[in-house]
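> Predicted model and sequence below, questions to follow.
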Amino acid sequence: MIGNMSSKEYVDFADLAVRLAKDAAKSVLDRLGTRDISRKSDHSLVTDADEAAQSLILNAVNDRFPDHAFLAEETVATSHSLPDPKTARFCWVVDPLDGTRNFVAGFPSFSTSIAVLEHGRPVVGVVHEHNLGQCYSAVLGRGATRNEQPILARAPEKGFDWLLAVPSSKDDLTVGVVRSWIATRGFVLRNMGSTVFHLGLVASGVLAGAFAKRCKIWDVAAGALLVQEAGGVITNPTGQDLFPYSFDAEPSADVPFLAAARAVHSQLLDTIPPEDA
């Protein structure tokens with residue numbers, strides 16, 4: 001059951017996650033411009049910066065909380081014996097470098113995302129965007145912050161455009177959403193190349209909403225808590241809850257989402273075409 005631990009212990013998790021995200025930022029930025037690049041089995045890019053940041057986070061978490069599991073985007077290579085996410089009470093879910101294509105190209109938008117899930121539900125979420133130095137943090141039941149200042153997801157004022165984030169993927173659902181949104185008066189599309197940063201921008205009221213289809217649990221877990229604790233809503237594209245996440249699922253399976261300010265979420269749901277359309 002969520003909430004049996006004191007919120008102070010969740011705060012301790014968050015304090016560590018913030019520190020590690022900032023350490024990861026330094027590690028990543030120190031490697032900016034290097035060319036140690038390879039491709040994974042799915043043809044996506046991976047660099048030494050991804051691997052170094054992930055190793056930094058994994059080792060620190062395991063040293064501090066050896067009974068906590070760990071799930072991350074990159075292959076976990078460690079001499080430690082790690083708990084199984086399926087049975088551990090807590091699991092740290094990490095994307096060490098979201099926006100690797102941007103990083104490789106020198107486009108200044110990439111982030112580190114760290115979440116702690118308790119029985120499949122986020123209780124801590126931290127997203128650090130490295131170029132702006134923006135650190136978003138949320139603890140279950142305690143609200144969300146950006147650089148330690150409270151943030152709120154909010155709808156645009158009447159008469160103002162809705163800034164909406166879309167991903168780079170070209171699957172049928174994403175193409176349908178982009179066509180729907182780009183044809184709607186007042187909707188203005190943005191893509192920063194970092195899904196987790198999009199969610200931070202929704203949580204802070206910069207974006208009215210964000211959609212993604214081909215994203216994984218490490219792209220969603222931390223940002224989902226940010227949005228929720230900032231008063232926004234995040235669901236799958238048909239309006240169903242994303243959590244609890246089942247660790248029996250294939251980690252590489254898509255976790256599609258629609259995140260938005262509460263006042264506009266249902267309106268945006270109505271604009272998403274059926275996936276089999």
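In hand now; what should we look at?

> For burial, what's the neighbour tally of residue 147?
Other residues within reach of residue 147 by the criterion other C-beta atoms under 10 Å amount to 11. For glycine as for every other residue, the C-beta is placed from the backbone atoms N, C-alpha and C.

> Mean confidence (pLDDT) on the helix or strand containing residue 219, please.
Take DSSP states H and E as the rule and residue 219 turns out to sit in helix 217-229. Per-residue confidence for helix 217-229 averages out to 98 on the pLDDT scale.

> For this protein, which segments count as strands?
When secondary structure is read from DSSP state E, the chain shows strands at 37-39, 45-47, 69-72, 90-98, 111-118, 121-129, 134-139, 144-146, 149-150, 162-165, 187-190, 209-212, 232-235, 257-261.

> and those strands as JSON lines, adding mean pLDDT, mean neighbour count and distance to residue 243?
Output for those, formatted as JSON lines (pLDDT from 0 to 100; neighbours: other C-beta atoms under 10 Å; distance: least, C-beta to C-beta, whole Å):
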{"stretch": "strand 37-39", "mean pLDDT": "62", "mean neighbour count": "11", "distance to residue 243": "31"}
{"stretch": "strand 45-47", "mean pLDDT": "72", "mean neighbour count": "19", "distance to residue 243": "27"}
{"stretch": "strand 69-72", "mean pLDDT": "96", "mean neighbour count": "21", "distance to residue 243": "14"}
{"stretch": "strand 90-98", "mean pLDDT": "97", "mean neighbour count": "27", "distance to residue 243": "11"}
{"stretch": "strand 111-118", "mean pLDDT": "98", "mean neighbour count": "30", "distance to residue 243": "8"}
{"stretch": "strand 121-129", "mean pLDDT": "98", "mean neighbour count": "27", "distance to residue 243": "5"}
{"stretch": "strand 134-139", "mean pLDDT": "98", "mean neighbour count": "26", "distance to residue 243": "14"}
{"stretch": "strand 144-146", "mean pLDDT": "98", "mean neighbour count": "22", "distance to residue 243": "16"}
{"stretch": "strand 149-150", "mean pLDDT": "98", "mean neighbour count": "9", "distance to residue 243": "23"}
{"stretch": "strand 162-165", "mean pLDDT": "98", "mean neighbour count": "22", "distance to residue 243": "21"}
{"stretch": "strand 187-190", "mean pLDDT": "98", "mean neighbour count": "15", "distance to residue 243": "26"}
{"stretch": "strand 209-212", "mean pLDDT": "98", "mean neighbour count": "28", "distance to residue 243": "16"}
{"stretch": "strand 232-235", "mean pLDDT": "98", "mean neighbour count": "24", "distance to residue 243": "9"}
{"stretch": "strand 257-261", "mean pLDDT": "98", "mean neighbour count": "26", "distance to residue 243": "11"}
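
> Please convert these to CSV, extending it with distance to residue 26.
As requested, the strands of the chain are exported to CSV (distance: least, C-beta to C-beta, whole Å):
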stretch, distance to residue 26
strand 37-39, 20
strand 45-47, 16
strand 69-72, 19
strand 90-98, 13
strand 111-118, 11
strand 121-129, 10
strand 134-139, 13
strand 144-146, 19
strand 149-150, 22
strand 162-165, 26
strand 187-190, 27
strand 209-212, 27
strand 232-235, 29
strand 257-261, 28
